[in-house]
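1. just the structure for this:
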Amino acid sequence: MINNALSAGLQGVQSSVAGMEGAARKIARAGIDGPQGSSAASSTLAEPLIDLKLYKRSVEASAQVVKTADETLGTLLDIMA
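-> Have a look, this model is predicted:
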């Protein structure tokens, strides 16, 4: 069970980091490709900025899963020792 939780947490971190990288690329491209100083540039940036924040929260949640599984494993090892 703990192994499954660790795997799920790590997979969540990895997929969220990949999503953050994609959102960061969109933000960087918007600065190059989009018209600067216009409302079109702001609307082009809005979605990837929101995505970046959501992926950040996802990384934090997945990291908490890993931390909890690690603490649980440590407690079980202490009990069995």
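2. now the host helix or strand of residue 27: mean pLDDT?
-> Under the criterion of DSSP states H and E, residue 27 resides in helix 2-33. On average, the pLDDT along helix 2-33 is 92.
3. ok, residue 2 touching residue 66?
-> No. Residue 2 lies out of contact with residue 66 (Cβ atoms under 8 Å); the separation is 10.6 Å. In short, each C-beta sits where N, CA and C put it, glycine included.
4. more neighbours: the two, which one.
-> Ranked by neighbour count (other Cβ atoms under 10 Å), residue 2 and residue 66 place residue 66 first, with 17 against 12.
5. tally of neighbours for the residue nearest to that one when sequence neighbours are not counted?
-> Nearest non-adjacent residue to residue 66, counting by Cβ to Cβ, 6 or more residues apart in numbering: residue 9, 3.7 Å away. As a burial measure, residue 9 scores 20 neighbours (other Cβ under 10 Å).
6. ok, residue 18 next?
-> By the criterion of other Cβ under 10 Å, residue 18 has 11 neighbours.
7. relative to residue 12, how far out is it?
-> According to Cβ to Cβ, to the nearest Å, residue 18 stands 11 Å off from residue 12.
8. follow-up on the earlier one: list the helices and strands the helix holding residue 27 packs on?
-> Counting contacts by 3 or more Cβ pairs under 8 Å, 6 or more residues apart in numbering; DSSP states H and E, helix 2-33 is packed against helix 39-80.
9. how far off centre is the helix it packs on?
-> 5 Å (Cα atoms, centre = their mean, to the nearest Å).
10. if we can go back for a sec, mind listing what's buried in the helix holding residue 27?
-> For helix 2-33, a neighbour-count test (16 or more other Cβ atoms under 10 Å) marks 5, 6, 9, 12, 13, 16, 19, 20, 23, 26, 27, 30 as buried.
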